[in-house]
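Visitor: Here is my input; please provide its structure:
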Amino acid sequence: MALKDRLTDALNATPSDNTRRIETIQEVLAASGGGTDVEVQAALTKMIADREQKAATFSAAGQSEMAKTERFEIDALRGFLRYATPEAPAAKAARPPKAAAVGAAAKAPAGPVVSRTQIIIAAVAAVIVVAALLVYKFVLVPPSDENMLANGTGAVPMTIYKDDRTLGNPKAPITMIEYAAPTCPHCAHFSMTVMPLIKQNYIDTGKVYYVFRVFPLNPADGAVEAIARCLPADKYFHFIDLMFRNQSKWDPDGYQIADVHAAIVQMARTQGMDQAQVDQCITNKDEQDRINQIALDGETKYNIQGTPTFVINGTIVQVEEADWPQLKARFDSLLSKH
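Guide: Residues are numbered from 1 along each chain as shown. Now for the predicted structure:
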């Protein structure tokens with residue numbers, strides 16, 4: 001499906017009261033000229049850069065809510081870029097190619113243009129995009145009973161899988177699924193400020209069953225998730241939390257890291273992994289297929305377009321509603337009915 005068609009579908013599916021999202025999509029469509037994938041990708045990339053500048057200005061002025069609104073729209077725009085054709089040159093002119101985001105650092109002009117690692121990761125990224133489109137068009141089917149543990153009830157049916165990473169009691173009265181991206185600054189903020197309170201007051205007390213799923217916004221997110229999945233299950237959340245807390249050391253979007261692959265390898269070394277192990281994890285096709293399927297599942301079932309997004313007992317909760325007072329009130333209201 002062409003990027004313009006995806007934007008048009010998203011525009012038609014956006015509730016009329018979400019004027020901010022409607023205006024964002026309309027602005028991209030208006031700036032995309034003839035509407036080819038290259039033109040749309042260029043419009044998306046330019047708008048992301050403009051919104052990042054606005055968000056930084058708002059933050060510097062102490063207008064945190066305005067900055068948060070801008071960054072939420074940035075996350076949504078990056079979600080559309082996941083479907084950009086790998087060869088589109090417009091994005092390359094504005095920023096490093098997405099595939100290169102998890103490759104080794106670029107060499108000086110006199111040397112090789114790309115390293116062996118870049119070639120491997122670029123190939124994997126291309127396979128991810130193609131596989132995602134093919135799965136979406138031809139293979140996407142309901143999950144089998146073998147992989148299904150539970151179905152929740154609520155505004156949207158919820159499914160928990162055996163390979164989900166979870167915290168708490170599966171029989172808790174509240175099930176909370178979080179879709180997040182390791183490069184997402186809102187996700188990092190939530191993980192560091194709100195999540196400890198939820199864990200202490202609701203997860204550890206048996207009231208909330210928490211499910212964490214990665215919704216990749218760029219290849220670096222998929223790389224981090226693949227590495228985390230290579231670790232023992234009881235080390236998974238520790239590594240994800242480590243990556244959130246150290247985004248400035250490896251995140252290509254927020255901090256313009258030149259050699260993201262080396263930075264991620266360095267983070268993985270803290271868990272006892274070497275580069276060969278990291279590359280083996282990143283290039284694991286089965287794991288990449290699983291990551292893609294989770295992303296498609298989130299888009300299809302819950303209309304996930306930005307991160308973080310939460311599904312709480314079947315109700316979709318966006319980042320604007322995910323501060324501690326609002327979540328506490330929501331949890332307490334749900335618990336009062338049990």
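Visitor: Confirm Asp9 sits in a helix?
Guide: Yes. Under DSSP: H, G, I helix; E, B strand; the rest coil, Asp9 sits within a helix.
Visitor: Tell me how far it lies from Leu3.
Guide: In this view, Asp9 and Leu3 are 11 Å apart by CB to CB, to the nearest Å. Bear in mind the C-beta positions are built from the backbone N, C-alpha and C, glycine included.
Visitor: and the two? which has more neighbours close in?
Guide: Legend: neighbour count by other CB atoms under 10 Å for Asp9 and Leu3, higher for Leu3 (24 against 12).
Visitor: For the longest helix along the chain, buried residues please.
Guide: Across the chain, the longest stretch assigned as helix under DSSP state H is helix 37-60. Buried residues in helix 37-60, counted by 16 or more other CB atoms under 10 Å: 37-45, 47-48, 51, 54-55, 58.
Visitor: what's the answer for stretch 320-334, then?
Guide: 322, 327, 330-331, 334.
Visitor: In TSV, list these along with secondary structure, pLDDT and distance to Lys162.
Guide: Shown next, in TSV, are the buried residues of stretch 320-334 (DSSP: H, G, I helix; E, B strand; the rest coil; pLDDT from 0 to 100; distance: CB to CB, whole Å):
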residue	secondary structure	pLDDT	distance to Lys162
Ala322	coil	89	27
Leu327	helix	97	27
Arg330	helix	97	27
Phe331	helix	98	26
Leu334	helix	97	25
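Visitor: Let me have the residues you listed in a markdown table, extended by distance to Asp241.
Guide: Below are the buried residues of stretch 320-334 laid out as a markdown table (distance: CB to CB, whole Å):
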| residue | distance to Asp241 |
| --- | --- |
| Ala322 | 17 |
| Leu327 | 18 |
| Arg330 | 23 |
| Phe331 | 21 |
| Leu334 | 26 |
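Visitor: can you list the weak-confidence ranges in the protein?
Guide: 1, 15-17, 57-68, 81-155 (pLDDT under 70).
Visitor: how does it look with 90?
Guide: For the chain, the stretches with pLDDT under 90 are 1-156, 218, 252-256, 258, 305-306, 318-322, 338.
Visitor: Domain ranges for it, per the record?
Guide: 3-95, 116-335 (automatic domain parsing).
Visitor: follow-up on the earlier one: between the buried residues of stretch 320-334, which sits nearest Asn292?
Guide: Proximity of the buried residues of stretch 320-334 to Asn292 (CB to CB) peaks at Ala322, which lies at 25.2 Å.
Visitor: that older thread, could you dump the longest helix of the chain to PDB, C-alpha only?
Guide: Backbone C-alpha positions of helix 37-60 (Å, rounded to 0.1, in the frame of the first residue of the first chain) are rendered in PDB as follows:
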ATOM      1  CA  ASP A  37       6.200   7.400  -1.800                       C
ATOM      2  CA  VAL A  38       9.400   9.500  -2.200                       C
ATOM      3  CA  GLU A  39       7.400  12.800  -2.000                       C
ATOM      4  CA  VAL A  40       5.400  11.600   1.000                       C
ATOM      5  CA  GLN A  41       8.400  10.400   2.800                       C
ATOM      6  CA  ALA A  42      10.100  13.700   2.200                       C
ATOM      7  CA  ALA A  43       7.100  15.600   3.600                       C
ATOM      8  CA  LEU A  44       7.000  13.300   6.600                       C
ATOM      9  CA  THR A  45      10.700  13.700   7.300                       C
ATOM     10  CA  LYS A  46      10.500  17.500   7.000                       C
ATOM     11  CA  MET A  47       7.500  17.700   9.300                       C
ATOM     12  CA  ILE A  48       9.200  15.500  11.900                       C
ATOM     13  CA  ALA A  49      12.200  17.900  11.800                       C
ATOM     14  CA  ASP A  50       9.900  20.900  12.200                       C
ATOM     15  CA  ARG A  51       8.000  19.300  15.000                       C
ATOM     16  CA  GLU A  52      11.200  18.400  16.800                       C
ATOM     17  CA  GLN A  53      12.300  22.000  16.600                       C
ATOM     18  CA  LYS A  54       9.000  23.200  18.000                       C
ATOM     19  CA  ALA A  55       9.100  20.600  20.800                       C
ATOM     20  CA  ALA A  56      12.600  21.800  21.800                       C
ATOM     21  CA  THR A  57      11.400  25.400  21.800                       C
ATOM     22  CA  PHE A  58       8.400  24.600  24.000                       C
ATOM     23  CA  SER A  59      10.600  22.600  26.400                       C
ATOM     24  CA  ALA A  60      13.200  25.400  26.600                       C
END
